[in-house]
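[1] The following block contains a protein sequence and its predicted model.
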Amino acid sequence: RASSSSGGEGGGIESARKIFEKAMEREKERSNEKGGGKVTFAQIAIHYARFSHHVEKDSKRTHRIFEEALDFAAEERQIWESYVLFSLFEGGEGTDEIFQRALASSLSHADKEIVSLQRIEFCSLFDSVAKLKDCSMDLMSQRRSRRASTSAGKKRKATENENVSSEAPKRHQGAGNQQVGNQGIWKVCYTPEGSVYYYNTKTGTSQWEAPV
C-alpha cells in the first residue's frame, strides 16, 4: 500500500511537470507567432521553477528551468528577480553573478536601474563593505553611460535636422512628383532614411514641416 501511494505521488509530480513544460512551449510558440510580449511565459516559468524547488526539491532542475527561461526571455526582469531569490534560498553563492548577468542582458534601462538597486541592497545585507562600494560605483557608472548615450542621440538628431536644409536641394531631383502648398511650388521629398521633408522649387530651401 505504501508503495502504491509513493508511485501515485511520483506520477502526480511527473504529470505536473509535463503540464508546466507544455505550457511553456505553447507560450513560446504563441509569442514567436504573434510577436507579442513574454510576460505570460515568464510567469509560467517562475511557477514551474518554484514547483521544482519547493515540491520536487530538485535544485539542478530549478537552475535549468531558470536558464532555459532566460534563453528565451532575458528581457523579463521578473525571471531574474526570481532566480536571485532562488539563489539566496540555496545559500547565496553565485547570487551576485546572477545580478551581473542581468545588468549585462537585454533588460531595459529602467529595469537595469531597479536591478542595480536590488544588487546594492543584496550587497549591504550579505556582502562586505568593499563589495557594497563596488555595487554603488557600478550603478553610477551605468547611469553615466546611459546619460552619455542619450546625449549623443540627441546631438545626432539635431545634426540631422540641421543638415537637411543644405542636403535637400542636392537630393530633391530623385524625389516623387507630388506637389503641395501654394501654386505647387513645394515638393514632397524623402531622405535616404525615408523621412519626409518639403522642398521649395522656387527658393531652393527645404523644411521638415508641411507647408500651409
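    Everything's here; your move.

[2] Only C-alpha atoms from now on, for both contacts and neighbour counts.
    OK.

[3] Output the lowest mean pLDDT helix or strand found in the chain.
    strand 179-180 (a mean of 56; mean pLDDT, DSSP states H and E).

[4] Helices along the protein, start to end?
    Along the chain, the segments classed as helices by DSSP state H run 2-34, 39-50, 59-73, 77-89, 95-103, 109-126, 129-171.

[5] Least confident of those helices, on average?
    Set side by side, the helices of the chain give their lowest mean pLDDT on helix 129-171, at a mean of 62.

[6] Can you read off the pLDDT for Tyr197?
    85.

[7] The nearest residue to it once chain neighbours are set aside and Val196, how far apart?
    Nearest residue to Tyr197 in three dimensions, chain neighbours excluded: Trp208, at 4.6 Å (C-alpha to C-alpha, 6 or more residues apart in numbering). Computed as C-alpha to C-alpha, to the nearest Å, the Trp208 to Val196 distance reads 7 Å.

[8] With Tyr83 instead?
    47 Å.

[9] Same drill for those two, tell me which one is more crowded.
    Neighbour count, other C-alpha atoms under 10 Å: between Tyr83 and Val196, Tyr83 has more, with 24 against 14.

[10] got a list of what the residue nearest to Tyr197 touches?
    Trp208 sits next to 196-198 when contact means C-alpha atoms under 8 Å, 6 or more residues apart in numbering.

[11] possible to save these as TSV with distance to Ala73?
    Compiled in TSV, the contacts of Trp208 are given as follows (distance: C-alpha to C-alpha, whole Å):
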residue	distance to Ala73
Val196	36
Tyr197	39
Tyr198	43
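
[12] quick one: Cys189 and Tyr198 touch, right?
    Yes - counting by C-alpha atoms under 8 Å, Tyr198 is a contact partner of Cys189 at 5.7 Å.

[13] State the phi and psi torsions of the residue nearest to Tyr197.
    phi -80, psi -40 (degrees, to the nearest 10).

[14] Please tell me how far it sits from Glu193.
    Applying C-alpha to C-alpha to Trp208 and Glu193 gives a distance of 14 Å.

[15] what do you get for Leu107?
    27 Å.

[16] neighbour-wise, which of the two wins?
    Leu107 (18 against 6).

[17] Before I go, just wanted to say thanks for your time.
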